[in-house]
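*Asks:* Got a sequence here, can you build the structure:
(chains A, B, C, D and E, ligands or ions: 4)
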Amino acid sequence: MTGTLPIKQAATGVALILAIAAPWLLSAYDLNLLARFLALSLTAMGLVLIWGEGGILSLGQGVFFGLGGYALAMHLKLAGLAEGELPDFMIWSGTEALPWWWSLVKSPFAAVAAVLVVPTALGALMAWAIFRRRIGGVYFALITQALALAFATLLVSQQGLTGGFNGLTDYQTLFGFNLNLPSTTLALYFITLALVVAGLLGLRWLLASRYGKLLRASRDGANRMRFLGYDPTPYKVIAFAVAALLTGMSGALFTLHAGVVSPALVGVVPSIEMVIWAAIGGRNSLIGAIAGALLVNFAKDKISTAMPEVWLYGLGALFIAAVTILPQGLAGLFGPDHPFRPGKAGDLFARWRRERAKTASQPIAGEAAP
Amino acid sequence: MTVPMLQLENVVVDFDGFKAIDDLSLTIESGSMTVVIGPNGAGKSTMCDSIIGRVRPASGRVLFHGAEIQAESEHAIVGRGICRKFQTPGVLVALSVIDNLAIAATRDRNWWACFSRKGEAEARARAEEILEQIGLTDRRDTLAGNLSHGEKQWLEIGMVVATDAELLLLDEPTAGMGASESSQTATLVRSLLGKHAVLVIDHDIDFVSQLGGHVVVLHQGRLLREGTLEQIRADEEVAAIYLGRAK
Amino acid sequence: MDAAFLFGQLFNGFSVASLYILAALGLALSFGLMRVINMAHGEILMVGSYLAYLTILFVPGPMGIIVAMLVAFLGAGMLGGLLEVTLVSKLTSRPLDTLLATWGVSLILQQAARDLFGATGVSVTAPAWLDGGFALGPLQLPTIRLFILLLAALILGGLAALLRYTRIGLLVRAVNQDRATAAAMGVNVRQVDAFIFALGAGVAGVGGVVLALLGPVTPTVGQGYIVTAFLVVILGGLGSVVGTTLAALMIGLFMALSQIFVDVSFAQVLTLIFVILFLQFRPQGVIAVRSRALDAE
Amino acid sequence: GKSESGNATAAAGGDAIKVGILHSLSGTMAISEDTVKNSTQLAIDEINAAGGVLGKQIAAVTEDGASDPAIFAQKANKLVSDDGVATVFGGWTSASRKAMLPVFEKTGNLLWYPVQFEGNECSPNIMYSGAQPNQQTLPAYDWAKEKGYKNFFLVGSDYVYPRTANLIVKKHLEKDGLKLAGEEYQPLGGTEFSGVIGKIKAARPDIIFNTLNGDSNVAFFKQMAAAGLTPKVIPVMSFSIGEQEAQAMGPALVEGSYAAWNYFQTLDGDANAKFIKAYKAKFGEDKVLTDPMVHGYVDVYVWKAAVEKAGSTDPAKVRAAAVMLDAVDTPLGKVNFVKNNSLVQTAYIGEADPKGQFKILWTSKGAIQPEPYDPLAFPGKTCSIG
Amino acid sequence: MTDLMNLRSVSAAYGKGQVLWDVAFDLKAGDAITVLGRNGVGKTTLIRTIMGQLAASGGHIYWHGDEITEMRPHQRSRIGIGFVPQGRHIFPHLTVRENLEVGLSALARKGFEGPRAVPEMVFDLFPKLTQIAGRKAGVLSGGEQQQLAIGRALAGQPQLLLLDEPTEGIQPNIVQQIEDALRRVRTELNVAILIVEQNLDFAWSFADRYLVMQRGRIVKEGRTAQDSADTVAHLVHV
Ligand SMILES: Nc1ncnc2c1ncn2[C@@H]1O[C@H](COP(=O)(O)OP(=O)(O)OP(=O)(O)O)[C@@H](O)[C@H]1O
Ligand SMILES: Nc1ncnc2c1ncn2[C@@H]1O[C@H](COP(=O)(O)OP(=O)(O)OP(=O)(O)O)[C@@H](O)[C@H]1O
Ligand SMILES: [Mg+2]
Ligand SMILES: [Mg+2]
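*Replies:* Ligands and ions are numbered 1, 2, ... in the order given. You can find the predicted model right below:
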């Protein structure tokens, strides 16, 4: 363990330097991808918190992703309009007046506040309602999956209010900055990077604190905690709310970089893909989560370009490999008992010797006790 | 007259028509020692369950310092100063032995307190102390989930003690322990008296005799006998249903 | 709104419920036994549908559909068994991981179906004896829907009896509760797992045939039912057969009746919310099983 | 075919004109979009074989939009910024088009969109060759009205095209004093129609306007038939069922129902016969041809003509030239783009026959001028380009 | 005559932490051996390794001279090893009778089948089980569950019975019943018994051989008839 730490830190440092230099190293397109995927890594980190540490598998992170994304996108749609004008989709959907909750995000500050508050508050509320009733494990996973489906269906079916299946797209300005200018794009990249680093450090601190221990304790000892005088619910609620916050931010940033938010990003399938980022990276490793989000998404982009039919096979195989071969994800390769350690090889060898010994020496009947 | 520390008043616990506790009344005074014995299935564990909020009485009241607690949430009851060791040991499997103890020893168990450092050093110190007492020093950093059955038993006793609760409920603390460990436990339990009230459930009569204290015999959810161990041992009926030759 | 419409919707509720029963039973079995959520279950339905399509190509005529059900039962069952032996059995006691791994399988199966049959849906024509309907007062009940209802009831009854009265049923329940101990008592737990998984998959295969009668057969046909099927399972509580049935009925009726007032999309949203709220009040599901374990959550 | 995906066609040397083809090759939309990709590729191959454009070969870069609008935007960006294509042919769902629109506006590039859609959009950077509502929905409505149908039931998939098309239909029903029997939407890909059918039975409409998309249609027609409601009992006018869909669903299912398009495979004309022959030769005799495929094919030829007229592949010049071209003969008949970037084209109504082909029942009086904004439903809105 | 079972330098580990080291001993039919040792020395681990619930990381286990080191638990059960786990592990949602019927699986040759009737001997040894045959095992008290767990293992008619602290948490008079029953099992059915027991007096009076474990190793073994219990007490309680 001690031996591997400096290597890890050095690698992290190099990665950070590369990330800072990226705008000068990458093509505009690849930089845009990097920015998007860094934004996604916030979601993956949130999953490390709730799934890896809290044992809560959420298959509905798309909901929070979407809340963050839509909150910002609504503002962006309004920002491009003259006074009294309606967003284009409302016109062709026959909506006649701007719904009140749209006008809430008219100011960019309100929009940023909404990005931060709405997913967090909803996450907290939902987690409280569910964990209070002591629902967990697979149940929780499936309920959140249903929520993701419900959310996506709702977005689609309320086209006049949400833009429906198309989602919201075509943004022009944020805080008065023209989103189409390269300088804005660059600034947004660095903001994203800064938020990822901040998220990483913040979560590190949180997990190292006593809170982290109590969260782990509530993972499989919720009842025991109760009988020690602790209410396990708040720890899970906090974890879930923090993850929702990160995911909401992730959604908002992604929306900015991608230029679109739509139900296709929030439903059942994207929500599960979010989990796979964390699983591939390592569900207990924050750095792993970032790496996982970047790797899976870059792979998806590159592979699906080259061979679209192969991508689904690849993704499927990734899921299977992630849990069978690498249950600790990529981070597991560098952890304290990674498979490349000589000790393991020794064990394999021992087994081989045993196999041999077995065939060689059948015991003689009635062999005396030693 | 002062109110007793804990009072069960006509408590009934009903499992789909089966009365595991049937109109049971019992009083425990501060600092006292109560030993509960009785056949398997007599309702001893269920009685603890009803005190600690794990099952809810169908009727009757549980009073702690005069306040009704039978409807409170589990952690709130513990917060009032009652803590319990379970018959099947329950520890926080994902944490190390010392963390288990430290969490139990922490005084402020509100969730917001976990972000502050206050009281942490104190809890740690107390945890180390108890670690000594329960003889798990060389297991300090082992994950509690990896302990053997008996070690878990010890750890759980340690955790209960660490909470410093006013009333400790120990459900079969010596199950799976040998004779000398049992007497160590007895010593530990006796040292708690005065400051804590202790209720012990056990089937090991040697252990019970080392504890001293007031003995209560439960049978079919009801209180069958009460008295000193001598009186109980002399009782024909208890012998028939419970002690057998062991008396 | 007239009475005929209302009764029509009630009937539709039962009819939809019967679909969910067929889709969810297999899940409930494997969930109850292994605490495993098989995300590839939807694709097993899909395989059933395609098997129906293929069978009917070879065995046209009125009895084709019956043959198709047998083929689908066996084919899907074999696939389920294979999946269990090669993947799920490697992940026992890690239910959340199984969920992810089987999701991977589902992606692969979907793409394989796409490569084999094309992304275009294929279609199975119901035999003539399933055409038409029965008039019941002002109601016209499609024969095909009645047939599915009956089929679901038969399968339910059969499974319940199997679990209740046969030795394998007993072993299934034992393994369900404590695998390590069951193994130590001489129960070949892996065989039991594989059996139940295969059985559940077989039922799903029959479900797939039924779906093929009602709609298109596409590589994603299972996806449309799977989330709701999961809800049925958790609403049913601990994978019990009775619970699953009741839950399917609740969901089916809720969905059908809410459509009196709102459109399909919104009815779906309402149904999901209804289930979540219901679990708020009865987290153990419709049928709760008690246990004394300290950390049985 | 896998071979032409990803990178520029091998045939094209260094001095080729790169164009992008961007369709869903995976995901739910792949079934439809793949065929458009094929016909687009066919046009490119034909042009290359005939000597190319401005003396250069065309090299197609194919990308997969994976049925996900965000990926469409991402890949459009890649084609334009990274690959430097001169133009892009692609898109099917309006969602994908909407997601790509900002990319094309920002980069000044040009997208050729081949599918009928809901109108209400008019970007200088998109060439809309698919029907506007007044070239498909409204002609069908007028036809139904003329046949004496008075009570309309609207069934659609739950997304923008059906909802907006129906909004327009409703305005016209209102104006004409006809009756709206009901309006129901099914989530995309949804297959459980018992509730909708219950409502149809209760409402007893004269005709159903069906804007369901994709596989939902199979379920809809099957369950309608099971409930005794065949197209003979209640006529159905479909807007997204073409030859390919009819074939896939099993022609028997849709036999006798109506469809409105700007192209049917059964259309007369040499250009069509030639196209059908060429397509089948390349992709298989069993293949059928549909309206969007033809638009995807025609788009390439129009682009070529515009490039040659402009003498440049610069998107702005090409667009300016494209809307000034004379009508050319295509499998669709004579068509040309006009200032609002949309195609002047003829509307047809067909009735599905037992083979999944359509018998043409009605033809609009000449080609219809495209109108992105229906004056009745969206008064005062006009296209601002050109 | 062949030995019933031989262990040859068996070791076992949980993950990387080795718990058993070079354990070796032999058992003959009808033997009664008690394994003694303080908490955490590896007694349960030994039993689980014999049962196959934990794979041996080294060494060999023989049954009637055939190696069974790699056998899976259900196979070991079917060749005649019966098991009463620590903490009882009855099937809580099955009735008492069904629990016993599961025990019959040990008599199956392959597949799922097995005889359907629970041998009378079980009810004979534990008359209480007859009364509560229809109740769900999960609601039984600890003592009842323990009797059930033993009965369940006996239903499979084992040649060797592994018992892990069978008297833990059992009321005194039932402890005596269990003791009596075990004696009868040994004498009347000639079943070998390997028992982990904290109650030294009982262990001594019941078994004819003992093994003392410390830190995963057997540090002393002998015959209860030759040594007095006190000679090992200091080894057991360190
Ligand atoms: N959750 C439950 N559901 C149904 N019955 C229960 C439940 N918990 C306990 N019982 C029943 O209540 C009775 C009392 O059980 P309890 O565990 O309190 O006994 P006990 O005195 O602690 O026994 P032991 O000494 O064996 O631990 C038993 O008959 C038991 O079967
Ligand atoms: N699941 C496990 N994972 C890791 N270590 C374990 C596990 N179970 C037991 N151990 C360790 O193995 C050692 C032996 O445990 P075992 O349960 O065999 O002890 P025992 O002799 O049966 O003790 P007891 O008398 O307390 O039951 C202990 O040190 C324990 O910490
Ligand atoms: Mg008890
Ligand atoms: Mg043990």
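
*Asks:* Tell me the confidence at C:T218?
*Replies:* Here the pLDDT value assigned to C:T218 is 87.

*Asks:* Leaving out sequence neighbours, find the closest residue to it.
*Replies:* Excluding its sequence neighbours, the residue lying closest to C:T218 (Cβ to Cβ, 6 or more residues apart in numbering or on different chains) is C:G121, at 4.0 Å. (C-beta placed from N, C-alpha, C; glycine too.)

*Asks:* What distance do you get for the one you found to D:K37?
*Replies:* 19 Å (Cβ to Cβ, to the nearest Å).

*Asks:* circling back to that earlier point, now do the phi/psi pair for the residue nearest to C:T218.
*Replies:* Backbone torsions of C:G121, given as degrees, to the nearest 10, read phi -70, psi 150.

*Asks:* Tell me the pLDDT of the spatially most central residue of chain E.
*Replies:* The centroid of chain E falls nearest to E:L162 when counting by Cα atoms, centre = their mean (1.4 Å). On the pLDDT scale, E:L162 is placed at 96.

*Asks:* List the contacts of it.
*Replies:* E:I47, E:I50, E:M51, E:I81, E:G82, E:F83, E:V84, E:L194, E:I195 (Cβ atoms under 8 Å, 6 or more residues apart in numbering or on different chains).

*Asks:* what about 10 Å?
*Replies:* C:184, E:35, E:46-48, E:50-51, E:76, E:81-85, E:153, E:192-196 (Cβ atoms under 10 Å, 6 or more residues apart in numbering or on different chains).

*Asks:* Kindly report the same for B:I51.
*Replies:* B:I51 neighbours (Cβ under 10 Å, 6+ apart): B:6, B:8, B:11, B:26, B:28, B:57, B:62, B:64, B:69-70, B:77, B:82, B:84, B:167, B:169, B:199.

*Asks:* Also D:K147?
*Replies:* D:D206, D:I207, D:P235, D:Y258, D:L361, D:W362.

*Asks:* What number of residues are in the vicinity of D:A271?
*Replies:* A count of nearby residues for D:A271, using other Cβ atoms under 10 Å in any protein chain shown, gives 18.

*Asks:* if you look at the helix or strand containing it, does any of it touch chain A?
*Replies:* Element membership of D:A271, judged by DSSP states H and E, is helix D:270-283. No - using Cβ under 10 Å from any Cβ of the partner chain, helix D:270-283 stays clear of chain A, coming no nearer than 17.1 Å.

*Asks:* List the buried residues for that helix?
*Replies:* Buried residues in helix D:270-283, defined by neighbour count with 16 or more other Cβ atoms under 10 Å in any protein chain shown: D:A271, D:N272, D:F275, D:I276, D:A278, D:Y279, D:F283.

*Asks:* now the helix or strand following it against helix D:270-283, angle please.
*Replies:* Moving toward the C-terminus from helix D:270-283, the first helix or strand encountered (DSSP H and E) is helix D:291-310. Put simply, helix D:291-310 runs at 110 degrees to helix D:270-283, going by axes from the mean of the first three to the mean of the last three Cα atoms, to 10 degrees.

*Asks:* Put the alpha carbons of helix D:291-310 into CSV.
*Replies:* C-alpha atoms of helix D:291-310 as CSV (Å, rounded to 0.1, in the frame of the first residue of the first chain):
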residue,chain,number,x,y,z
ASP,D,291,-40.1,8.5,-49.4
PRO,D,292,-37.3,9.4,-47.0
MET,D,293,-34.9,7.2,-49.0
VAL,D,294,-35.7,9.0,-52.2
HIS,D,295,-35.3,12.4,-50.5
GLY,D,296,-31.9,11.3,-49.2
TYR,D,297,-31.0,10.3,-52.7
VAL,D,298,-32.3,13.4,-54.4
ASP,D,299,-30.6,15.7,-51.9
VAL,D,300,-27.2,14.6,-53.1
TYR,D,301,-28.1,15.3,-56.7
VAL,D,302,-29.4,18.7,-55.8
TRP,D,303,-26.3,19.5,-53.9
LYS,D,304,-24.2,18.4,-56.9
ALA,D,305,-26.1,20.7,-59.2
ALA,D,306,-25.8,23.6,-56.7
VAL,D,307,-22.1,23.1,-56.3
GLU,D,308,-21.7,23.1,-60.0
LYS,D,309,-23.8,26.1,-60.4
ALA,D,310,-22.0,28.0,-57.7
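
*Asks:* Relative to E:V102, how far out is the closest residue to chain B within the stretch 101-250 of chain C?
*Replies:* Closest to chain B within the stretch 101-250 of chain C is C:D178: 13.6 Å, counting by Cβ to the nearest Cβ. C:D178 sits at a distance of 10 Å from E:V102 (criterion: Cβ to Cβ).

*Asks:* Please enumerate the shared neighbours of these two.
*Replies:* Going by Cβ under 10 Å, 6+ apart, residues that sit against C:D178 and also against E:V102 are C:M185, E:I90, E:F91, E:L94.

*Asks:* Between these, identify the one with the most neighbours.
*Replies:* So for the shared contacts of C:D178 and E:V102 (other Cβ under 10 Å), the most neighbours sit at C:M185, 33 neighbours.

*Asks:* Would you confirm that that one contacts E:A155?
*Replies:* Yes - shown here, C:M185 and E:A155 form a contact pair, counting by Cβ atoms under 10 Å, at 8.5 Å.

*Asks:* what does chain E have sitting close to ligand 1?
*Replies:* By Cβ under 6 Å from any ligand atom, the part of chain E that sits against ligand 1 consists of E:V139, E:L140, E:S141, E:G142, E:G143, E:G169.

*Asks:* Which members of those residues define the maximum pairwise distance?
*Replies:* E:V139 and E:G169 (16.1 Å; Cβ to Cβ).

*Asks:* who has more neighbours, the two?
*Replies:* Neighbour count, other Cβ under 10 Å: between E:V139 and E:G169, E:G169 has more, with 26 against 19.

*Asks:* Next, the more buried one: phi, psi?
*Replies:* Dihedral angles (degrees, to the nearest 10) for E:G169: phi 70, psi 20.

*Asks:* which stretch of helix or strand covers A:G248?
*Replies:* helix A:233-258.

*Asks:* Kindly list the single helix or strand of the chain that scores lowest on mean pLDDT.
*Replies:* This is for chain A. Lowest mean confidence among the helices and strands of chain A (mean pLDDT, DSSP states H and E): helix A:342-360, at a mean of 37.

*Asks:* right idea, wrong chain: chain D
*Replies:* Per-SSE averages on chain D (mean pLDDT, DSSP H and E): minimum helix D:243-249, a mean of 85.

*Asks:* Against which helices or strands is it packed?
*Replies:* Other helices and strands packing on helix D:243-249, by 3 or more Cβ pairs under 10 Å, 6 or more residues apart in numbering or on different chains; DSSP states H and E, are helix D:30-49, helix D:216-226, helix D:251-254, strand D:258-261, helix D:291-310, strand D:348-352.

*Asks:* follow-up on the earlier one: other residues contacting the helix holding D:A271?
*Replies:* So helix D:270-283 is contacted by D:1, D:35, D:38-39, D:41-43, D:45-46, D:263-267, D:269, D:286-289, D:293-294, D:297-298, D:328-334 (Cβ under 10 Å, 6+ apart).

*Asks:* Can you flag the buried ones in these?
*Replies:* For those, buried by 16+ other Cβ under 10 Å: D:35, D:38-39, D:41-43, D:45-46, D:263-265, D:267, D:287-289, D:293-294, D:297-298, D:330-334.

*Asks:* Pretty sure D:K150 sits against D:G177.
*Replies:* Yes - D:K150 is within contact range of D:G177, at 8.9 Å (criterion: Cβ under 10 Å).

*Asks:* Now do the residue of chain A found nearest ligand 1: how many residues are near it, please.
*Replies:* Closest contact between chain A and ligand 1, by Cβ to the nearest ligand atom, is at A:N223 (13.6 Å). Neighbourhood size, A:N223 [other Cβ under 10 Å]: 20.

*Asks:* Ok, the one 4 residues further on next?
*Replies:* A:F227 is surrounded by 26 other residues when neighbours are defined as other Cβ under 10 Å.

*Asks:* name the element E:L163 belongs to?
*Replies:* Here E:L163 is assigned to strand E:160-164, by DSSP H and E.
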